[in-house]
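> quick check, what structure comes out for this input:
(one chain, ligands or ions: 3)
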Amino acid sequence: EDADHVEYTVTAKAGEVQMLPGKPTKTWGYDANVLGQTIVFKEGQHVTIHLKNDLPELTTFHWHGLNVPGPYVDGGCHAPVYPGETKDIEFTVKQPAATLWLHAHPCPETAVQVYKGLAAMVLVRDAQEEKLPLPRNYGVDDIPVILQDRHFNRQNQWDYEADYDPDGVQGPTAVINGTVNPYFDVTTTRVRLRILDGANRREWRLHFGDDHEFAQVASDGGILPGPVYFTHLMLTCAERAEVVVDFSNYAVGDTVTLYTDDTPLLAFRIKAKNDNGHGELPEKLVDIPRLVPNPDLPIHKVIMSGMDEEVMLDGKKFDMQRIDSTQELGATQIWEIANTNDMTGGMIHPFHVHGGQFQIISRNGHAPYPNELGWKDTVGVNPREKVRIAMRFDFAGVFMYHCHILEHEDGGMMAQIEVI
Ligand code: C2O
Ligand code: CU
Ligand code: CU
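Numbers count the residues shown, from 1 in each chain. Ligands and ions are numbered 1, 2, ... in the order given. Next up is the predicted model:
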């Protein structure tokens, strides 16, 4: 057996979870009642995964942010796995250490399936990240924080159809890692949080109750060039941020809570202060080669427009039979993504491309935010904003690109590119 080959089965299945007092909540998950066990890959590893569907309807297994060939391995709309079926995929992990995720992506049922619980975290580890002074003892000082929100009806159920909103289904109750009112027992001076906005539409404005400062050390596709310090951090749908929190100034017995706006999300209870020996974070973490767009290529313009049922991408609704654009394999091209929504209080559209990580060049001609200087696969595009990115594909095939408000995606704010 080749040591660099791993084989897994990932089963999508139905379950139920005691989330509130009273009736358990009916949910879906990956080898779990809700969400799924974190899947850990190593760079360079050759992976075989048996995708098993034990659900009563078709699903797909999309590896959001993973650099794999499209469209079957990537697991978008083109890769249905029917009830009772098992399908195999194979790929080699070819990207730096990062926090990615797996979620269902059948079109147009992505939103309802993710809402029911079909999402899990996926980590890539590599030798470069292992040399950095970052916490990485999974479950002890390195933890996933999957942010979702739900409406529980009087029977404690998530009734997607009853709560349907074409601009995205949301609920008043924060559900973090599939748990209502969660807490985490801190035993070390520093903790690394791998935060994923796994909500259908909500953006999160994260801060601690006392506005304690924390350091963002990674964005969607990997470690940032250097830590960026925040007291408040916003994440839009599908975005990830790895942050390191220094709890050393708190006393054993203290509790400090992470909030979005005024809603408490996750309580950190200081139980011990074992020094996990990292001291101050270095100013510099990794070198990220900047993608250089080919000046001979035109700018690929993408327009996200409309609200509710009127959402469109480039003035059209998604059609799986239509290829909307092409790009040459290995070439770097500038994409300019416009959010033409000019209503006051208009929505941020989180724009996502399958098939690779990109770099943000500018927002309305201005430099991107300091925590956007690393690899990204999703970018929040504000109303009346044009975001330029440098995009390169390392695999051929057909890939989707879309708004990651899942009801906008299912509503047709999506297109596909063929990489040739
Ligand atoms: Cu996270 Cu097309 O998806
Ligand atoms: Cu994706
Ligand atoms: Cu949108």
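> hey, let's count contacts and neighbours off CA atoms from now on
Noted.
> so, in contact with ligand 3 or not, stretch 200-216?
No: judged by CA under 5 Å from the ion, stretch 200-216 stays clear of ligand 3, getting no closer than 8.3 Å.
> list of residues touching that stretch?
111, 114-115, 148-149, 167-170, 197, 227-237, 241-246, 256-261, 371, 404-407 (CA atoms under 8 Å, 6 or more residues apart in numbering).
> these in strands, which ones?
Within the contacts of stretch 200-216, residues falling in strands by DSSP state E are 148-149, 197, 227-230, 233-235, 241-246, 256-260.
> mind giving me the PyMOL command for buried ones among these?
Filtering the ones in strands among the contacts of stretch 200-216 down to the buried ones (16 or more other CA atoms under 10 Å) takes a single PyMOL command:
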select buried, resi 148+149+197+227+228+229+230+233+235+241+242+243+244+245+246+256+257+258+259+260
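> just the ones in strands among the contacts of stretch 200-216 that are near ligand 3?
Okay, of those, nothing touches ligand 3 (CA under 5 Å from the ion).
> tell me the bridge partners for whatever residue of the stretch 301-420 of the chain ends up closest to ligand 3.
Nearest residue of the stretch 301-420 of the chain to ligand 3 (CA to the ion) works out as residue 349 at 3.9 Å. Beta bridges link residue 349 to residue 381 when assigned by DSSP bridges.
> which one is residue 370 nearest to, not counting chain neighbours?
residue 228 (6.8 Å; CA to CA, 6 or more residues apart in numbering).
> these two touch, right, the one you found and residue 218?
No: with contact defined as CA atoms under 8 Å, residue 228 does not reach residue 218; the gap is 9.2 Å.
> quick one: is stretch 333-340 near ligand 3?
No: Stretch 333-340 does not reach ligand 3 (CA under 5 Å from the ion); its nearest approach is 8.8 Å.
> check the offset of that stretch from the chain's centre.
Distance, stretch centre to chain centre, for stretch 333-340: 20 Å (CA atoms, centre = their mean, to the nearest Å).
> ok, stretch 410-420 next?
18 Å.
> any part of stretch 399-408 near ligand 2?
No: taking CA under 5 Å from the ion as the criterion, stretch 399-408 and ligand 2 are apart, separated by no less than 7.7 Å.
> wait, the residue of the stretch 301-420 of the chain closest to ligand 3 sits on residue 403?
Yes: counting by CA under 8 Å, residue 349 does reach residue 403; the two are 5.7 Å apart.
> in terms of neighbours, single out the busier of these two.
More neighbours surround residue 403 than the other of residue 349 and residue 403, with 30 against 27 (other CA atoms under 10 Å).
> look up phi and psi at the nearest residue to that one once chain neighbours are set aside.
Excluding its sequence neighbours, the residue lying closest to residue 403 (CA to CA, 6+ apart) is residue 351, at 4.6 Å. Backbone torsions for residue 351, taken as degrees, to the nearest 10, come to phi -90, psi 130.
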